[in-house]
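Asker: A predicted structure for the sequence below; I have some questions about it.
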Amino acid sequence: MYNFFNAIGDFCQETRQVSSSRLNLAQRLGSLVLLATASVAMTSTACVEAAKAQSSLADGTYLYGQSPTPEKIGSEYLVFQVRNGTVTGALYMPSSEFACFTGSSDSRNLNLSVVAPYENETYSHQIALEPQSPVASNGETAVAMGLEGYHRLDAPSENDLRILNSCRAQ
């Protein structure tokens with residue numbers, strides 16, 4: 001004879017099965033969410049690393065000035081060389097002394113140690129990198145980087161290269 005207690009027992013049994021199914025589904029969904037989150041985090045990290053690699057200054061010799069015109073009296077200029085993220089160069093003003101520097105280039109800054117020409121003391125100096133324009137090469141698009149507050153000038157002059165070579169020899 002089917003009675004009230006049997007009905008309650010059946011109801012409880014069904015509730016346990018539904019709860020078990022929901023829990024099982026929740027566990028599976030939780031695993032998927034966790035997997036998706038980990039995948040997004042790994043992808044984000046990979047994207048950040050790729051952006052860092054593309055956004056630092058490429059190897060080469062650079063000339064930047066506070067003025068877009070070379071050799072303008074009263075303007076500061078930087079001539080430097082980048083090799084594998086290592087920077088060597090000079091800060092100078094035309095018809096004046098120059099200060100050599102060494103340092104590194106990362107995704108955000110030129111991190112420099114500048115040697116004062118007469119005191120022979122070293123000072124830390126950072127110049128922010130800023131994105132310029134996209135550059136396409138080998139099917140990939142990289143962002144050309146510039147120095148905040150400075151204009152990229154076409155090519156170093158003989159005097160710029162003389163100053164750079166003097167600093168590289170130190």
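Answerer: Yep, that arrived. Numbers count the residues shown, from 1 in each chain.
Asker: okay, now the domains of this structure?
Answerer: What the record gives for the chain is the domain set 1-55, 57-169, from automatic domain parsing.
Asker: which residues of this protein score low on pLDDT?
Answerer: By pLDDT under 70, the weakly predicted segments of the chain are 1-55, 133-143.
Asker: How are the strands of it distributed by residue range?
Answerer: Residue ranges of the strands in the chain, as given by DSSP state E, are 60-65, 77-83, 86-92, 98-105, 109-115, 122-137, 140-147, 151-152.
Asker: now the angle between strand 109-115 and the fourth one, please.
Answerer: Meaning strand 98-105. Computed by axes from the mean of the first three to the mean of the last three C-alpha atoms, to 10 degrees, the angle separating strand 98-105 from strand 109-115 equals 140 degrees.
Asker: Now do the buried residues in strand 98-105.
Answerer: Phe98, Ala99, Cys100, Phe101, Thr102, Gly103, Ser105 (16 or more other C-beta atoms under 10 Å). For every residue, glycine as well, the C-beta is placed using N, CA and C.
Asker: neighbouring strands for that strand, and are they parallel or not?
Answerer: Strand pairing for strand 98-105, using DSSP bridges, gives strand 86-92 (antiparallel), strand 109-115 (antiparallel).
Asker: got the contact list for Glu76?
Answerer: Gly65, Gln66, Leu91, Tyr92, Met93 (C-beta atoms under 8 Å, 6 or more residues apart in numbering).
Asker: Alright, calling it a day.
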